[in-house]
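Student: need a structure here:
(chains A and B, ligands or ions: 5)
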Amino acid sequence: MSKILFKEQLSESVYKMKLEAPLIAEERSAGQFIILQIDEELGERIPLTIADADAVEGSITIIFQVVGATTELLAQLNEGDDIPVLVGPLGTPTHIKNYGKVVCVGGGIGVAPLHPIAQALKAAGNEVVIIMGARNKDLIIMETEMRNIADELIICTDDGSYGRKDLVTAPLKELCERSPKPDYVIAIGPPIMMKFCAETTRPYEVHTEVSLNTIMVDGTGMCGGCRVNVGKEVKFVCVHGPEFDAHLVDFDNMMARLNSYKDIEHEHTCRLHGHAH
Amino acid sequence: MSFIAPETIQEQAVELLHQYIHNHQSLKAKERMQIPSQEMPNQDPHIRRHNLEEVALGYTPEEARLEAMRCLDCKKKPCMDGCPVQIDIPGFILKIADGNFQEAVDIIKQTSLLPSICGRVCPQETQCQETCTVGIGHKNVDKAVAIGRLERFVADWERNQGAMKIPEVKPETGKKVAVIGSGPAGLVVAADVRREGHHVTVFEAFHKLGGVMRYGIPEFRLPNEIVDQEIDTLKKMGVEIKTNFVVGRTRKLADLIDKDGYDAVFVGTGAGLPLFMGIEGEDLVGVFSANEYLTRANLMRAFDRKNSDTPMYPSKVVAVLGAGNVAMDAARMALRLGAEKVYVIYRRTEVEMPARKEEVLHAKEEGVDFHFLENVKRIMGNEKKRVNAIECLRYELGEPDDSGRRRPVVIPNSEFTIEVDTVIVAIGNGSNPLIHQTTPQIDTNKWGNVTVNDKQKSSMDKVFAGGDIVLGAATVILAMGEGRKAAAAINEMLEEA
Ligand SMILES: Cc1cc2nc3c(=O)[nH]c(=O)nc-3n(C[C@H](O)[C@H](O)[C@H](O)COP(=O)(O)OP(=O)(O)OC[C@H]3O[C@@H](n4cnc5c(N)ncnc54)[C@H](O)[C@@H]3O)c2cc1C
Ligand SMILES: Cc1cc2nc3c(=O)[nH]c(=O)nc-3n(C[C@H](O)[C@H](O)[C@H](O)COP(=O)(O)OP(=O)(O)OC[C@H]3O[C@@H](n4cnc5c(N)ncnc54)[C@H](O)[C@@H]3O)c2cc1C
Ligand code: SF4
Ligand code: SF4
Ligand code: FES
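Tutor: Ligands and ions are numbered 1, 2, ... in the order given. Got it, this is the predicted structure:
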């Protein structure tokens, strides 16, 4: 059980919430996530990254985009409400060290999970370049927070309504062509974006990490629902990840698996709207 | 054996019992051997394949007493040797024959804490019933005294009386014990340690308690209500419970001891990572581990399609790979979730199937289609990467191997395909990596199982372990047995301290 301490709407479909979770706040590291459920009996378990944490206050911050039934119901909760199931921190923390020059690429809601990692990389002494991309200006989140960390911040929008009119891969390629090229790249966003970031850095042999957002159930390595092909091996995102070497991930398979329940999820959301309206 | 209506079984039992009731204590062995074994009354297969209600309905008092009268009260009690926790089997059975059900339960509870569960899920035909003299006399293990059914009967009887006794708890000692995992191993440790007056906290990663008994074994075999009742007893004994708490992540195991002041820790985290076959196409959409399939259906209640938010893949034709209890549960759950056809594919023959016999029989009655001496070579998919068929190979039995079992040998060029839209892989589990990953101090073997001494003590100071995390995937009763041993060692350690 966890109380919502604070709620803010960041853009049309993106919300930020601070949750009471003293133990998680104390233990978590960058790159880790929680699983929550908004109904203990019949609710779905959904994973969300810990975007920030305050061990003194005993709180964690989540930032989520409304994409389906559970995130929609979550967005309807308010300050003071309880989230009945909250478990974490899960996943293996990001391997933080001083790589030298790093590039952090965040697409859409991916900026939220990227934030604590960029923060930790900066604290470890890296030169941090941040690329943020979104479909349009309204969907850019956490610009101030990221600007505070970045040595250089590049914003791209698909429609040119803010920053460069480009996909994130364009500035990423430029950075790889510069000398010295980046020592380390981390990209978090929609699978298709992560896939193309991997393809962008591959010819330059720049080590690239991605944080995968597969479907999950337990989050403790018991079900195998989160499995992905990494190189020749099958890995479980919840315990072996969520971060993997982007150049080894089979993104096409991952994307197909993410769509496993597409038709049913759609039904659920419709049902929700049926109730709500 | 074909399905017999419960009413018929009961009518016959009442009539027969009438014959024996007056002189049952003086019946000769030969006469006892003539009492027919009592069938378990079950739900009609045509009806039950569409519902989640328990399949086996349980004996009536008449059926139970009659079955109990078949026991010969053997001097050497061979049945007890077959029971991993050595319940005084003839002791409790004689009480049932007398109609003294409360005393029967009391005898069982001296050794086993979860009789309503073990009576339902123990593989009796390879344990207590395998060595029963009556079965041996009939040259048929199916004719052994139905020890498990009798155990279940009295445990249920007690529950239905509403007279579940809450075990006595000794005065508080001020010592604290952490139990990690709420499967059968953990629950037993919690009860046994709490009885001595130590404070007990059970930490469970999930939002619900019971381990595999909750998320793995379906309600049609083990209703949640029964697991709930056992947990309720623990709560009444004053055991503290913390759900949504992953030891290793939410808090390090070592911190429980060093920072939180626990005097002992029991690790009962169960089996972990589901194994896959490593064949082509296993990454297609529509391929599930049995763990995922059953967890969605059971724990996340996805069988309740209308109300549960957790989706279930819309399967019409399902292939289950494997032949253990897990495979049977997945196959029968798939039927209940609306699959029109369910195949079980197994490389060996029915005789070698590791599943409980009763589950195989029930699966057959419900219409599961068994393919023996066949194995899947690869899984095939369509352009959307969704499963649409499996390619199989046929096998024949070759020479016996070291264990005396005839080894299945592939028949060359015997490939054929079966159209399916879902594949459920139920070939077992590896070890749970979480404790090992986050607690490097604890020794594990090459399979990742925690290594313990004969008192369930691990390499780490004050830390004990038992159940599947030690044994690999085993059984409820073995997990319980290890829990009992660990609890005894913990109690002993705390007494000396
Ligand atoms: C480790 C991890 C960290 C994550 N962190 C965040 C985060 O910080 N913020 C955030 O907004 N989201 C995050 N996600 C994604 C988030 O879990 C999903 O958006 C959420 O589960 C959707 O649930 P729903 O019931 O609202 O939508 P559903 O109805 O379940 O799904 C709606 C649509 O979204 C797609 N979808 C389903 N699951 C996922 C998924 N896991 N990722 C992407 N698309 C999905 C489906 O194809 C479906 O069409 C994370 C996922 C993982 C695995
Ligand atoms: C589908 C299925 C059917 C089966 N059928 C039978 C049968 O008919 N008969 C039989 O005898 N056996 C059967 N078994 C096997 C039996 O269920 C197991 O052997 C038994 O449950 C093992 O008990 P356990 O206490 O060791 O662990 P489990 O029952 O696995 O419980 C472990 C618990 O620990 C929790 N946990 C794990 N890691 C952590 C952590 N880090 N922190 C906190 N909690 C954690 C888990 O969530 C889980 O609740 C079956 C198993 C399955 C999967
Ligand atoms: S616990 Fe299991 S093995 Fe022992 S008597 Fe009961 S059913 Fe048989
Ligand atoms: S072996 Fe069979 S007949 Fe003999 S005491 Fe045990 S249950 Fe009774
Ligand atoms: S979510 Fe179940 S194994 Fe990863």
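Student: Count residues in the vicinity of the nearest residue to A:G231 once chain neighbours are set aside, would you?
Tutor: Once flanking residues are discounted, A:G231 sits nearest to A:L248: 4.1 Å by Cβ to Cβ, 6 or more residues apart in numbering or on different chains. (Each C-beta comes from the backbone N, C-alpha and C, glycine too.) In terms of burial, A:L248 registers 16 neighbours under the definition other Cβ atoms under 10 Å in any protein chain shown.
Student: Start and end of stretch B:217-228, how far apart?
Tutor: Distances were taken as Cα to Cα, to the nearest Å; on that basis the terminal residues of stretch B:217-228 are 14 Å apart.
Student: Near ligand 4, which residues of the stretch 351-497 of chain B are found?
Tutor: When proximity is defined by Cβ under 6 Å from any ligand atom, the stretch 351-497 of chain B lies next to ligand 4 nowhere.
Student: With chain B instead?
Tutor: Counting by Cβ under 6 Å from any ligand atom, chain B sits next to ligand 4 at B:71-74, B:77-79, B:89-90, B:132-134, B:145, B:147.
Student: From these, pick the one nearest ligand 5.
Tutor: Distances from ligand 5 to the residues of chain B next to ligand 4, taken as Cβ to the nearest ligand atom, are shortest for B:I147 (36.7 Å).
Student: show me what contacts residue 159?
Tutor: Just so you know, I chose chain A. Taking Cβ atoms under 8 Å, 6 or more residues apart in numbering or on different chains, we find A:D159 in contact with A:R135, A:N136, A:K165.
Student: oops, I was thinking of chain B
Tutor: B:R159 makes contact with B:S116, B:I226, B:Q229 under the criterion Cβ under 8 Å, 6+ apart.
Student: Most neighbours among the residues you listed, please name it.
Tutor: B:S116 (26 neighbours).
Student: In which helix or strand does the closest residue to it other than its chain neighbours reside?
Tutor: The shortest distance from B:S116 to any residue other than its chain neighbours is 3.6 Å, reached at B:A155 (Cβ to Cβ, 6+ apart). Secondary-structure element containing B:A155, defined by DSSP states H and E: helix B:147-160.
Student: Report the rounded mean pLDDT for that helix.
Tutor: Along helix B:147-160, the predicted local confidence has a mean pLDDT of 94.
Student: Hmm, A:I38 is touching A:L73, no?
Tutor: Yes - judged on Cβ atoms under 8 Å, A:I38 makes contact with A:L73 at a distance of 5.3 Å.
Student: between the two, which one's more packed in?
Tutor: Per other Cβ under 10 Å, whichever of A:I38 and A:L73 has more neighbours is A:I38, with 23 against 17.
Student: so what's that one up against?
Tutor: Contacts of A:I38 (Cβ under 8 Å, 6+ apart): A:T70, A:L73, A:L74, A:L77, A:I83, A:P84, A:V85.
Student: Read off the pLDDT value for the closest residue to ligand 2 within the stretch 301-450 of chain B.
Tutor: Each residue of the stretch 301-450 of chain B has a distance to ligand 2, by Cβ to the nearest ligand atom, and the smallest belongs to B:N325, at 3.4 Å. B:N325 is assigned a pLDDT of 94 by the prediction.
Student: next one: B:F288
Tutor: We have a pLDDT of 96 for B:F288.
Student: Ok, A:H266 next?
Tutor: 64.
Student: Quick check, B:R194 in contact with B:K235.
Tutor: No - with contact defined as Cβ under 8 Å, B:R194 and B:K235 do not form a contacting pair (10.4 Å).
Student: A:L48 sits in which helix or strand?
Tutor: For A:L48, the host element (DSSP H and E) is strand A:46-49.
Student: other SSEs contacting that strand?
Tutor: For strand A:46-49, the elements it packs on are strand A:33-37, strand A:59-65, helix A:111-123, judged by 3 or more Cβ pairs under 8 Å, 6 or more residues apart in numbering or on different chains; DSSP states H and E.
Student: quick one: what helix or strand has the residue in the stretch 1-150 of chain A positioned nearest to ligand 4 in it?
Tutor: Distances from the stretch 1-150 of chain A to ligand 4, computed as Cβ to the nearest ligand atom, single out A:E41 as the nearest residue at 41.7 Å. Element membership for A:E41 (DSSP H and E) is empty, with no helix or strand holding it.
Student: returning to what we had before: let's have the helices and strands packed on strand A:46-49 in CSV, adding mean neighbour count and mean pLDDT.
Tutor: Rendered in CSV, the data for the helices and strands packed on strand A:46-49 read as follows (neighbours: other Cβ atoms under 10 Å in any protein chain shown; pLDDT from 0 to 100):
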stretch, mean neighbour count, mean pLDDT
strand A:33-37, 25, 96
strand A:59-65, 23, 94
helix A:111-123, 24, 93
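Student: how about CSV for these, with distance to ligand 5 added?
Tutor: Written out in CSV, the entries for these read as follows (distance: least, Cβ to the nearest ligand atom, whole Å):
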stretch, distance to ligand 5
strand A:33-37, 8
strand A:59-65, 18
helix A:111-123, 17
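Student: mind checking which helix or strand of chain B has the lowest mean pLDDT?
Tutor: Of all the helices and strands that make up chain B, the one with the lowest confidence by mean pLDDT, DSSP states H and E is helix B:433-438; it has a mean of 84.
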